[in-house]
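Colleague: Here is a sequence with its predicted model. Questions after.
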There are 2 protein chains.
Amino acid sequence: MTDGAMGVLSFEFVTELYLIRHGIAAERGTYADDRDRALTEKGRDRTAQVAQRLLALGCRFDTLLTSPLVRAVETATILVTTGLAATYSITPTLAPEGDIADWLSWLAPWQAEHPQGTLALVGHEPDLSIWAQSLIAGTPHGNWQLKKAGVMGLSVPPAEQALGHSELFWLAPPRLLL
Amino acid sequence: MTDGAMGVLSFEFVTELYLIRHGIAAERGTYADDRDRALTEKGRDRTAQVAQRLLALGCRFDTLLTSPLVRAVETATILVTTGLAATYSITPTLAPEGDIADWLSWLAPWQAEHPQGTLALVGHEPDLSIWAQSLIAGTPHGNWQLKKAGVMGLSVPPAEQALGHSELFWLAPPRLLL
């Protein structure tokens, strides 16, 4: 194992990446199409509280991407309303079972424009944990629990070296962010 | 990858385990023996703030073990003073380069007495991250950053199955815990 901090510091630059799970949504089966499930009132409130805390911690996202599913778009909307990002973009790759390789192809030119940028992705489990594990260990490896409206923070080197060389610095349930 | 929450729920019981890195200590070289390095004033203050937050979050440790090094014992003392545990025990296995196998041998009988217990270990990096990665993934695998006075939380099944079957639920720098 490398010393994480030294590990990412050896790269030309790192991207500060936040992986955010959508907030608490209506139960499965309450909508004809699972993609339409909306946040509950509690889900909206807790997501707004987490967003406020991220703002207080100094987080600002140069770019915010979200899964196209309603519960994710609503979560991204709250992040924007709170002032964490100017806007969001809907990204099909962030839907359930999206392929991290597609996102890495997008990441390379984004990093060229934002060499020390801060990026946030709103998505789903287990996908976000699988992506995070792939980034830090090369393969999805281990057991993690990212709660709804929970946040993971990673330092990500240039896209072509990102898999296995990124570093986890946060894994936080909303309880730690209220 | 298994769904973490489902993963640990399939076991007879789980231990709630907190791995806590000692607070900010005097620079290397300021003491004749590295083991004697003490917490700085900032290190004591920040550790006390983290301890207060853990208390507010409802943490209580049935047992608190610490590395024998001064900076770790001082950290454990603050945790006890704050009311997180009744007392602490000094455990040589938690010194740098301790072997997780020794700790697992200790854990099995402890779990028999505390089947749903909460346990905290105060120690050092990279050892704590190596142990955590071994617990969640079977081998030390990946790049993590546990800052001084930072905390990792894991759900750990019975000791003989703990390696590779534990689940990470927190990785938090003190910044998230103030």
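Modeller: That came in fine, so what should we check first?
Colleague: So what's the residue count around A:E160?
Modeller: Around A:E160 there are 10 other residues, counting by other CB atoms under 10 Å in any protein chain shown. Every residue, glycine included, has its C-beta placed from N, CA and C.
Colleague: right, and it touches A:L107 too?
Modeller: No - with contacts counted by CB atoms under 8 Å, A:E160 stays clear of A:L107, the gap being 9.4 Å.
Colleague: what's the nearest residue to A:A162 if we skip its chain neighbours?
Modeller: Distances taken as CB to CB, 6 or more residues apart in numbering or on different chains place A:V156 nearest to A:A162, at 5.1 Å, with adjacent residues excluded.
Colleague: Could you pull out the buried residues of stretch A:38-58?
Modeller: Neighbour counts over stretch A:38-58 (16 or more other CB atoms under 10 Å in any protein chain shown) mark A:38-40, A:43-44, A:46-54 as buried.
Colleague: got the CA positions of whatever helix or strand A:L135 lives in in PDB?
Modeller: Using DSSP states H and E, the element containing A:L135 is helix A:127-137. Extracted in PDB, the C-alpha atoms of helix A:127-137 (Å, rounded to 0.1, in the frame of the first residue of the first chain):
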ATOM      1  CA  ASP A 127     -22.700   1.800  -8.900                       C
ATOM      2  CA  LEU A 128     -21.000   4.700  -7.100                       C
ATOM      3  CA  SER A 129     -19.200   2.400  -4.700                       C
ATOM      4  CA  ILE A 130     -18.100   0.200  -7.600                       C
ATOM      5  CA  TRP A 131     -16.700   3.200  -9.400                       C
ATOM      6  CA  ALA A 132     -15.000   4.500  -6.200                       C
ATOM      7  CA  GLN A 133     -13.500   1.100  -5.500                       C
ATOM      8  CA  SER A 134     -12.300   0.800  -9.100                       C
ATOM      9  CA  LEU A 135     -10.700   4.300  -8.900                       C
ATOM     10  CA  ILE A 136      -8.900   3.600  -5.600                       C
ATOM     11  CA  ALA A 137      -8.000  -0.100  -6.000                       C
END
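Colleague: Under the pLDDT cut-off, which ranges of chain A? List them.
Modeller: Applying pLDDT under 70 to chain A flags residues A:1-7, A:9.
Colleague: Write out the residues of it neighbouring chain B.
Modeller: Contact residues (CB under 8 Å from any CB of the partner chain) of chain A with chain B: A:1-5, A:7-8, A:57, A:125-126, A:129-130, A:133, A:136-137, A:140-145, A:155, A:165-173, A:175-177.
Colleague: For chain A, which helix extends over the most residues?
Modeller: Secondary structure of chain A per DSSP state H: the longest helix is helix A:41-56.
Colleague: So in that sheet, which strands flank the next helix or strand after it, and in what orientation?
Modeller: Downstream of helix A:41-56, the first helix or strand assigned by DSSP H and E is strand A:63-66. Within its sheet, and counting by DSSP bridges, strand A:63-66 is paired with strand A:89-90 (parallel), strand A:118-123 (parallel).
Colleague: Just give me the residue closest to the centre of chain A.
Modeller: Taking CA atoms, centre = their mean as the criterion, A:L19 is the residue nearest the geometric centre of chain A, at 1.6 Å.
Colleague: sec struct for it, please.
Modeller: strand (DSSP: H, G, I helix; E, B strand; the rest coil).
Colleague: go on, A:G29?
Modeller: A:G29 falls in the coil class when you classify it by three-state DSSP.
Colleague: Now it, what are its backbone angles?
Modeller: Backbone torsions of A:G29, given as degrees, to the nearest 10, read phi 90, psi -10.
Colleague: What subset of the residues of chain A next to chain B is buried?
Modeller: Buried members of these, scored by 16+ other CB under 10 Å, are A:4-5, A:7-8, A:125-126, A:129-130, A:133, A:136-137, A:140-145, A:155, A:165-173, A:176-177.
Colleague: Verify the contact between A:T77 and A:Y88 for me.
Modeller: Yes - between A:T77 and A:Y88 there is a contact under CB under 8 Å: 7.3 Å.
Colleague: and the two? which has more neighbours close in?
Modeller: Using other CB under 10 Å as the criterion, A:T77 and A:Y88 rank with A:Y88 on top: 21 against 16.
Colleague: on that earlier part again, contacts for the longest helix of chain A, please.
Modeller: Under the criterion CB atoms under 8 Å, 6 or more residues apart in numbering or on different chains, residues A:18, A:22-25, A:39, A:71, A:74-75, A:78-79, A:81-84, A:148-149, A:151, A:174, A:177-178 lie in contact with helix A:41-56.
Colleague: how far off strand A:118-123 does that helix point, in degrees?
Modeller: Put simply, helix A:41-56 runs at 170 degrees to strand A:118-123, going by axes from the mean of the first three to the mean of the last three CA atoms, to 10 degrees.
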